[in-house]
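**Student:** this is the structure alone, sequence omitted:
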């Protein structure tokens, strides 16, 4: 078992100098449901929460990677999600790509079938559909990028995230065994399942006063315990923004990258509340990453047996090193 705390509970060994300030499990779930409802309101998401997670509508299945070329500047394109951004990055490098999604009409106008892109319609909970996509060219693809759906911010079971993730990885596992070819798998999650740099045995989730993205934790644990024979990695961004990257990307494995120490205000707030505010405002909201960067990062890392195998990966952009 992994030595990682999954839940948010006051730990006197970490905060011996503070009073117990914590919400009950039921209260955390109620607060999380309220935030879910707020975030689901388009009027809010389109303005005050400009950088909030956007739904990711497609899966990307990439055959044999080729030598990367310089990606053209897509400033005229509207990046609508991680799946679309990943497809664009793959096509810019002439990597033969199969886009598998439930509704092909959701593809952006600039992404259309062609010599290097096939579009396959299907349901990710149908193993037959998934196998047809993975074997679309007659041979298993070299890599699979699972870019949908977004997990619930709060209570377990509100979305199909866990079921779809399990369905995809089980099919990848079955195809590997049947064809004797290993496949790289990228799964999208969120930075709540990364560890805190100062407390590596604790997830960022465990500092929050609410049930935060539980589905990502359960899916990660399932991968750890049941699918060690698959070369998977989990992309764990915080907030995602539209538009151009603010600089070249950098990344860390298992812990939050680019950690910013607490500001003076949060430094004096008791217990894990100060840590929670620091994580949310000084790190997650202050350092969003673009869809384009996430797509390019995964296409850059489609090889097997790298340092990213079986790792949670945090990706950020460095404005100070802008190319």
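**Tutor:** That came through fine. Since this is a predicted model, take the numbers as computed values, not measurements.
**Student:** ignoring the adjacent residues along the chain, who's closest to residue 121?
**Tutor:** residue 104 (5.4 Å; C-beta to C-beta, 6 or more residues apart in numbering). Any C-beta I mention is one placed from the backbone N, CA and C, and that applies to glycine too.
**Student:** isn't that neighbour up against residue 119?
**Tutor:** Yes. Using C-beta atoms under 8 Å, residue 104 is in contact with residue 119, at 5.2 Å.
**Student:** same drill for those two, tell me which one is more crowded.
**Tutor:** residue 119 (19 against 14; other C-beta atoms under 10 Å).
**Student:** and the gap between residue 256 and residue 207?
**Tutor:** Distance of residue 256 to residue 207, computed by C-beta to C-beta, to the nearest Å: 11 Å.
**Student:** which residues do the two both contact?
**Tutor:** With contacts defined as C-beta atoms under 8 Å, 6 or more residues apart in numbering, the residues shared by residue 256 and residue 207 are 196, 279.
**Student:** residue ranges with poor pLDDT in this protein?
**Tutor:** Applying pLDDT under 70 to the chain flags the ranges 1-80, 149, 152-158, 211, 264-267, 322-323.
**Student:** can you show me the helices along it?
**Tutor:** 25-40, 42-45, 82-92, 127-134, 161-179, 214-226, 264-267, 271-277, 291-300 (DSSP state H).
**Student:** out of the ones you listed, which gets nearest to residue 240?
**Tutor:** Counting by C-beta to C-beta, residue 240 lies closest to helix 291-300 out of the helices of the chain; the figure is 5.9 Å.
**Student:** quick check: angle from that closest one to helix 82-92?
**Tutor:** 60 degrees (axes from the mean of the first three to the mean of the last three C-alpha atoms, to 10 degrees).
**Student:** quick one: distance of helix 291-300 to the chain centre.
**Tutor:** 11 Å (C-alpha atoms, centre = their mean, to the nearest Å).
**Student:** other SSEs contacting it?
**Tutor:** helix 82-92, strand 231-235, strand 240-241, strand 249-253, strand 312-317 (3 or more C-beta pairs under 8 Å, 6 or more residues apart in numbering; DSSP states H and E).
**Student:** the second one: partners in the sheet, and parallel or antiparallel?
**Tutor:** Right, the one you point to is strand 231-235. strand 184-188 (parallel), strand 312-317 (parallel) (DSSP bridges).
**Student:** can I get these in JSON lines with mean neighbour count?
**Tutor:** Below are the strands paired with strand 231-235 laid out as JSON lines (neighbours: other C-beta atoms under 10 Å):
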{"stretch": "strand 184-188", "mean neighbour count": "25"}
{"stretch": "strand 312-317", "mean neighbour count": "24"}
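**Student:** coming back round to it: looking at the helices and strands packed on helix 291-300, which is nearest to residue 268?
**Tutor:** Closest approach to residue 268 among those is made by strand 312-317 (26.8 Å; C-beta to C-beta).
**Student:** who touches that closest one?
**Tutor:** For strand 312-317, contacts defined as C-beta under 8 Å, 6+ apart pick out 189, 191, 193-195, 220, 233-238, 245-258, 287, 289-290, 293-294, 297.
**Student:** filter those residues down to the buried ones.
**Tutor:** Buried residues within those, counting neighbours by 16 or more other C-beta atoms under 10 Å: 189, 191, 193-195, 220, 233-238, 245-246, 249, 251-258, 287, 289-290, 293-294, 297.
**Student:** go through stretch 277-297 and flag the buried ones.
**Tutor:** For stretch 277-297, the neighbour count (16+ other C-beta under 10 Å) marks 277-280, 282-284, 287-297 as buried.
**Student:** re earlier: switch the strands paired with strand 231-235 over to JSON lines; also include distance to residue 213.
**Tutor:** Compiled in JSON lines, the strands paired with strand 231-235 are given as follows (distance: least, C-beta to C-beta, whole Å):
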{"stretch": "strand 184-188", "distance to residue 213": "12"}
{"stretch": "strand 312-317", "distance to residue 213": "12"}
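**Student:** those strands: which one's closest to residue 93?
**Tutor:** Of the strands paired with strand 231-235, the one closest to residue 93 (C-beta to C-beta) turns out to be strand 184-188, at 15.4 Å.
**Student:** number of residues surrounding the closest residue to residue 117 other than its chain neighbours?
**Tutor:** Spatial nearest neighbour of residue 117, chain neighbours left out: residue 97 (5.2 Å); criterion: C-beta to C-beta, 6+ apart. Residues contacting residue 97 under the criterion other C-beta under 10 Å number 26.
**Student:** from residue 214, how far out is residue 97?
**Tutor:** 32 Å.
**Student:** same thing with residue 98?
**Tutor:** 31 Å.
**Student:** residue 244 now?
**Tutor:** On the measure of C-beta to C-beta, residue 244 and residue 214 end up 33 Å apart.
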